[in-house]
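Asks: sequence first, then the predicted structure:
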Amino acid sequence: MQRLLTRLLLVLGMLGALLGSAATATTAHARPLATTHIVNIKTGGSLLPHNWGDGFQDGWVHYVWDRGQTLGADQWEFEPVAGFTYIIRNTKTGMCLKPGAPWFNKPRVTEGTCGTGLEFQWQLTQRALDGAYKIYSRSAGQIMTPYYGNNLGEVVVLEPNSNAEKVWWSIDGL
């Protein structure tokens, strides 16, 4: 019994570390969403596929970009999987977000032909203070963020969980 309790506490501790403090964030429930924008809180940039989604190829990088200059390629649909997990599809490319090859030692956020595997699954955790979200890659176990988090035009990558302002996103209509 003691061994079982120890293992349970270990698992709960790891989940708490992954999801952040329960006092500052809650997990968003899966529900179908209308077309929405994903905007980084720190930079004000909208999540945008390379080349504004034209002539798309698997594995291209994504940027935080000026919302007024995205030509509609910064619109996303959140497709519920289960619980608090979504597949995130770009409405222009029809492709879904997934982790990609490294960009200067950090996995970049890319798109690919949609599937239901872990690489396409993203979990949202909401900050109670302002309703902003962290977006976790279930396969990489990391969160989506602009590389430096200082400027528009930065490549979007995955990093270990933190509460830095650059890891938070607003999602219209969620």
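Replies: All right, it came through fine. The shown structure was predicted, so the numbers you read here are calculated from the model rather than taken from an experiment. Residues are numbered from 1 along each chain as shown.

Asks: centre-most residue in the protein?
Replies: residue 135 (3.1 Å; Cα atoms, centre = their mean).

Asks: and the strands in the chain?
Replies: 25-27, 38-40, 46-49, 62-65, 76-82, 85-90, 96-103, 106-112, 121-127, 133-137, 142-146, 156-159, 169-171 (DSSP state E).

Asks: so where's the protein shaky on pLDDT?
Replies: 1-33, 53, 55-56, 174 (pLDDT under 70).

Asks: for the closest residue to residue 146 other than its chain neighbours, give me its contacts.
Replies: Spatial nearest neighbour of residue 146, chain neighbours left out: residue 154 (4.0 Å); criterion: Cβ to Cβ, 6 or more residues apart in numbering. C-beta here means a position set from N, CA and C on the backbone, and glycine is covered the same way. Counting by Cβ atoms under 8 Å, 6 or more residues apart in numbering, residue 154 makes contact with 43, 45, 63, 64, 146, 147, 148.

Asks: can you tell me which of these lies closest to residue 103?
Replies: residue 147 (7.0 Å; Cβ to Cβ).

Asks: residue 62 is in contact with residue 49, isn't it?
Replies: Yes - counting by Cβ atoms under 8 Å, residue 62 touches residue 49, with 5.5 Å between them.

Asks: need the overlap of contacts for these two.
Replies: By Cβ under 8 Å, 6+ apart, the residues touching both residue 62 and residue 49 are residue 111.

Asks: how about the residue nearest to residue 113 when sequence neighbours are not counted, phi and psi?
Replies: Nearest residue to residue 113, sequence neighbours excluded (Cβ to Cβ, 6+ apart): residue 95, at 6.4 Å. Note on residue 95: its backbone torsions stand at phi -90, psi 160 [degrees, to the nearest 10].

Asks: how many neighbouring residues does residue 95 have?
Replies: 21 (other Cβ atoms under 10 Å).

Asks: what's the answer for residue 102, then?
Replies: Neighbours of residue 102 (other Cβ under 10 Å): 11.

Asks: quick one: residues contacting it.
Replies: Taking Cβ under 8 Å, 6+ apart as the test, what residue 102 contacts is residue 108.
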